[in-house]
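Enquirer: Okay, here's the prediction I keep looking at, along with the sequence it came from:
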Amino acid sequence: MAKTTRLSIILLLVLFMLFTLCGCATLEIDLNKDGSGSAVLTISRAALSETGIETEDELKAAVDEYLKAYNTDWTIVQVKLNKVSQTDEAFILDFKLARIQNLKYVGRYELEAGKDFVENSNTRSLLKKWGQGQFETLEYANGKLVSSLAEGISIRPINYESGEAMEADAFLDSCLAGTDLKIFTFLNYDVEFIEKVSLNLPGKVKYYSSENMEITNGGKTVVIYPTEFEISTLTAADGTIEKETKTASNFVGYVVYEESVSIGMIAALACLALGIGVLVFFAIKKKWLQKFLKSRGLRYLKKEYSYYLMVLPGVVMLAIFCYVPMAGIYTAFTKYDPARGIFGSEFVGLQNFINMFDPRWDFWITLRNTIIIALLKFIVGYPGSIILALLFTYLASKKFKSIMQTVSYLPYFLSWVMISGIAYNFLTTNNGILNNLLQMFGKSPIKWYSDPSHWWTILTLTSVWKGVGYGTIVFLAGICGINSELYEAASIDGAGAWRQIFTVTLPGLMPVISFTFILNMGNLIKDDYEQILALCGENNAYLKDKVSVLGTAIFGSLSSVDQYSSGAAMGLFQSVISLILIIGANRLLVKRDHPGLW
Amino acid sequence: MLKSRGEKIFNVINITIMLILFAIFIFPYIIIISSSFSGERALAKYGPGFFIRDFSFASYLYIFSAGSTVLRSLGVSVYITLVTTVLSVLVNALLAYPLSRHDLFGKKILNIYVVITMLFGGGMVPFYLLIEDLNLLNNLWSLILPVVVSAWNIILLRNYFAALPDSLEESAKIEGAGNVRILFEIYIPLSASVIATVALFAAVNQWNSWTTARLFIDPNHSELYPIQYVIRNMIINMDSISSGAGGGASNVPQIGVQNAAIIVATLPIVCVYPFLQKYFINGTIVGAVKE
């Protein structure tokens, strides 16, 4: 997928401040590598007082109110007022900015790697148009459209080092492509009160656009002044379109820079080196190494190093396929963006979980189905296995018993695909067995695959058919373990087979029954999603209300990148609940003097 | 032995129930088998049923015709099942053996490291992203590697190894055998039944799995599909289960072909089933009643 993420920076501030403030202001922005940043807005007191804001608190309230309205949609994140301070002439506002996406109405901001920028035909043509003095039509706030024209203005790239201007085509083909440069483009209309914007880049400028830009601080700071040109505003309110033309200050341009290693990184590395140095110092001084060499562990390691080589492949594979995905749970707390990877994606805190529990979504139906289907299977299958085990035990013919065992265990080893194929023979509307039977008895056929009302039953029955025989194994082993003297004593006392079941077998089986019962309760939130995917298909909209469970919902989330995060959140929810249930089950077992699960 | 009347009645009821159950367990297979041998026209007219109508091998001929997707996917399934089984036994035994030695330094940590993977997982989405990052998409290793190590198998093997007498290891060490040799020449041959259990578990699970293929292999690489996924696609296409429309199945693979494919894919399971029954029961009991 191409990098289409629209990152926007801070000039957004310019826009929202428009609504509350006017007058002279300057904006200083620190841009981070990942597109987040911080901004300092300085507004003169004189200008502010014209709008009726005199004190710090009033200003804070005004900004907070605007931000509240602005930050509601969680995909457009997140401008945060950090701190307000004041001098004699001006107020200074400190903002924190996460990456901002989907900025539909506040102009166009993009931060992309140079190569991706060139590959994206939309952004490529943008640069060409600017070079020719043309601007695009774009959406503006509140249903307005702005179309703008600039005469005699063309924004062409300039090489910062040589000062030489280029054509957009040559620049795109030779300078931007195939390098690690980053390009930040911006376009915003009608910003009257901002006098200048300083942009502190996380690297050094290589190229910049020609109009109204000044590079200072050895190529790390770009000062941008507004460009004046004519814009036409189309208002589409009430269905009528009015055209209004005026000359306005606009911010337009782009900066190409090369990322440098951040000071923070260098500092962190320095700290790390210092830490290691201190550690080594102490290690030498306190003779840790000698102590370690004499320790039991190392002696053992030397003698039996082959043990550790033996466990290595398994340990590594567990690390990769079990522990790395655990780290990947972080996805559940981000808005996953494939271009940036798991840990580069925007952190959104618990937002995915809040969205998940939103009553508007199907999550509650999914949860209900998960629990009900699990309970149904348990209520039918679990006693079924116990009863079947008892019936097996009291079967007089050993041969018949072993045949029955063989026949009833077999379905357990069939995959759900096989069983869904078998079920299809019964359920198809095209001469299916069940419908043929229904018609034989004069009832009207049922469209099984589009009628959700029977699916809880179908899922329960197929699951029981598959698992009930296999489930008897544990109980049969338990029955075998019952002391045979007890039966003899019972039959001497005159108890028949029927009475023996209740006086000897079931009480003797009780430990196994309670053990497996508790174990099964621990699996309440786990669902057999393979069963549902195989039997009902993946996107059967007709059956969704009854058969969508957590597992299928998570599986479905993998079909679209947008849903990865919510899928990960659901997965985490399921894992955590099941962990709690298992730990609870284990507690119960230990309390009842069973061996624990681990 | 004298039997009371109550017992006789109980026996009769028991046998009756068993016969009904027998029918319930057997009936579906009979339908599958007989419809796989039925001619297409009879199936279209009467649907699948208990008896073979208009006997024909057409369904099987279709499956085994040259270039058939079923045949190729059978090959894929056999391949990944064999590789998974061998790797699974090897890696799990190598990890379980040191864990079964009671003097192993760091044993407790290693045990916890293994058990945690049984209790908690990252979930499907991070797992998918991992496979994507490892560049294993559209690669058969994506179906094999993740299922090789299993905490359950390790514990099974560990307990079995630990139950064998220590004198075996001691005398071998006196003879100068290394740990790896002791494992392969003494412990594994003595643990044939539990090794068989692990191998069969791995083989059956791999043979039966299809959701991973659905996730990790895209339709452009359908030559890598295992048999289960191919059959699943057949079923889905037949009834358009996915759209819920039902009926009107006039697509190429008719129900007879589907049922024949099911039989072909089930046959290996049925072949190893006698062993399965013996060893799985062992494994299940050992697994359920810990140590």
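Expert: Sure, I can see it.
Enquirer: quick one: average pLDDT of the top helix by length along chain B?
Expert: When chain B is parsed with DSSP state H, its longest helix is helix B:255-288. For helix B:255-288, the mean pLDDT works out to 80.
Enquirer: gap between the residue located most distally from the centre of chain A and residue A:485?
Expert: Here chain A reaches farthest from its C-alpha mean at residue A:492, the gap being 67.0 Å by Cα atoms, centre = their mean. Distance from residue A:492 to residue A:485, counting by Cβ to Cβ, to the nearest Å: 10 Å. Quick note: C-beta positions are derived from backbone N, CA and C, even for glycine.
Enquirer: follow-up on the earlier one: the longest helix of chain B vs chain A: in contact?
Expert: Yes - using Cβ under 8 Å from any Cβ of the partner chain, helix B:255-288 reaches chain A at B:255, B:258-259, B:261-262, B:265-266, B:269-270, B:273, B:276-277, B:280-281, B:284-285, B:288.
Enquirer: Now restrict those residues to buried residues only.
Expert: B:255, B:258-259, B:261-262, B:265-266, B:269, B:273, B:276-277, B:280-281, B:284-285 (16 or more other Cβ atoms under 10 Å in any protein chain shown).
Enquirer: Return the closest of these with respect to residue A:578.
Expert: residue B:284 (20.9 Å; Cβ to Cβ).
Enquirer: Find the helix or strand that residue A:391 is a member of.
Expert: helix A:363-393 (DSSP states H and E).
Enquirer: can you pull the contacts of the nearest residue to residue A:131 once chain neighbours are set aside?
Expert: Excluding the flanking residues, the one nearest residue A:131 by Cβ to Cβ, 6 or more residues apart in numbering or on different chains is residue A:168, at 3.5 Å. Going by Cβ atoms under 8 Å, 6 or more residues apart in numbering or on different chains, residue A:168 touches A:127-128, A:130-132, A:156-157.
Enquirer: what helix or strand does residue A:473 sit in?
Expert: Using DSSP H and E, residue A:473 falls in helix A:455-480.
Enquirer: Quick one: mean pLDDT over that helix.
Expert: 91.
Enquirer: So what's the gap between the helix or strand following it and the chain middle?
Expert: Counting by DSSP H and E, the next helix or strand C-terminal to helix A:455-480 is helix A:484-492. Centre-to-centre, helix A:484-492 and its host chain are 61 Å apart (Cα atoms, centre = their mean, to the nearest Å).
Enquirer: Can you spell out which helices and strands pack onto the helix or strand just after helix A:484-492?
Expert: Per DSSP H and E, the first helix or strand lying C-terminal to helix A:484-492 is helix A:497-500. When contacts are defined as 3 or more Cβ pairs under 8 Å, 6 or more residues apart in numbering or on different chains; DSSP states H and E, helix A:497-500 sits against helix A:484-492, helix B:5-36.
Enquirer: how distant is helix A:497-500 from the center of its chain?
Expert: With Cα atoms, centre = their mean, you get 57 Å for helix A:497-500.
Enquirer: go on, stretch B:76-84?
Expert: Worked out by Cα atoms, centre = their mean, stretch B:76-84 lies 11 Å from the chain centre.
Enquirer: Send me that stretch as PDB with only the CA atoms.
Expert: In PDB, the C-alpha atoms belonging to stretch B:76-84 read as follows (Å, rounded to 0.1, in the frame of the first residue of the first chain):
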ATOM      1  CA  VAL B  76       0.800 -30.000  -0.300                       C
ATOM      2  CA  SER B  77      -1.000 -31.400   2.700                       C
ATOM      3  CA  VAL B  78       1.100 -34.500   2.800                       C
ATOM      4  CA  TYR B  79       4.300 -32.400   2.500                       C
ATOM      5  CA  ILE B  80       3.400 -29.900   5.300                       C
ATOM      6  CA  THR B  81       2.100 -32.700   7.500                       C
ATOM      7  CA  LEU B  82       5.300 -34.700   7.200                       C
ATOM      8  CA  VAL B  83       7.600 -31.800   7.800                       C
ATOM      9  CA  THR B  84       5.500 -30.500  10.700                       C
END
